[in-house]
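Enquirer: give me coordinates for this.
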Amino acid sequence: MNRSKIPDLSALKATVEAVERNPRTAQVTFSVVGEWAGEFRLDSTTGAFRQGEEIDESRVGRFSMSSDEPTSLLGTDTAVSPGEYIAQALAGCYAVTLAANAAVRGIEVRSLALEVEVDFDLRRFLGMESDTPVGASEVRVLVTLDAPGHDPSELHELIAAVEQRSPVRDTLARPVPVVTALKIA
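Expert: Now for the predicted structure:
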């Protein structure tokens, strides 16, 4: 495992070149397979990872995740809440996007911390008010960045690039079709 805080710039450039040669390699699909564990808990495992419409056989790792709700939301507080997974997904994507863009721009990042808050109003989920959005009403991200020797304007431009290039942020910020199918067991 690479323990360096700096992304491998040559690998990043090679990836860009590979996508320029074959744009289909930029098309990726992540998957998760979950099984209900009772009450409000779901246990999941990462599934196949596809790139360019082909399963990436080099992705051999399978990672387990579970979700539950806090007891105040009728869960058993045995795992991360789905709302917290949204915050983690955004924070993780910001970290990747920031590290890649900082490396390309020659910005040496000594440390990075992200605080993400996601607000929900649960009334519609509970079957109450029908005009209240059931999804998040606001997502706030605080980026604490230590990049000595770099002008604040450079760092603001970096954050603007992160906002423009983060796939998870884009997913949250614009309407995305979510297609649900039912398979009767």
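Enquirer: got the contact list for residue 70?
Expert: If a contact means C-beta atoms under 8 Å, 6 or more residues apart in numbering, then residue 70 has 77, 81 as its contacts. C-beta here means a position set from N, CA and C on the backbone, and glycine is covered the same way.
Enquirer: distance from the lengthiest helix in the chain to the middle of the chain?
Expert: Using DSSP state H to define each element, the chain has its longest helix at helix 82-105. When distances are taken as C-alpha atoms, centre = their mean, to the nearest Å, helix 82-105 is centred 6 Å away from the chain's centroid.
Enquirer: please apply the same query to stretch 145-156.
Expert: Relative to the centre of its chain, stretch 145-156 is centred 24 Å away, using C-alpha atoms, centre = their mean.
Enquirer: what is the burial count for residue 148?
Expert: 7 (other C-beta atoms under 10 Å).
Enquirer: I'd say it and residue 111 touch.
Expert: No - applying C-beta atoms under 8 Å, one finds residue 148 not in contact with residue 111, separated by 10.1 Å.
Enquirer: state the distance from the most centrally placed residue in the chain to residue 132.
Expert: Centre of the chain computed as the mean C-alpha position; nearest residue by C-alpha atoms, centre = their mean is residue 89, 2.6 Å away. Separation of residue 89 from residue 132 (C-beta to C-beta, to the nearest Å): 24 Å.
Enquirer: what does residue 50 give?
Expert: Per C-beta to C-beta, residue 50 is found 37 Å from residue 132.
Enquirer: quick one: low-confidence ranges for this structure?
Expert: Within the chain, the ranges that satisfy pLDDT under 70 run 1-4.
Enquirer: where do the strands sit along it?
Expert: For the chain, the strands defined by DSSP state E occupy 28-29, 32-36, 42-46, 50-51, 54-55, 64-67, 111-120, 136-146.
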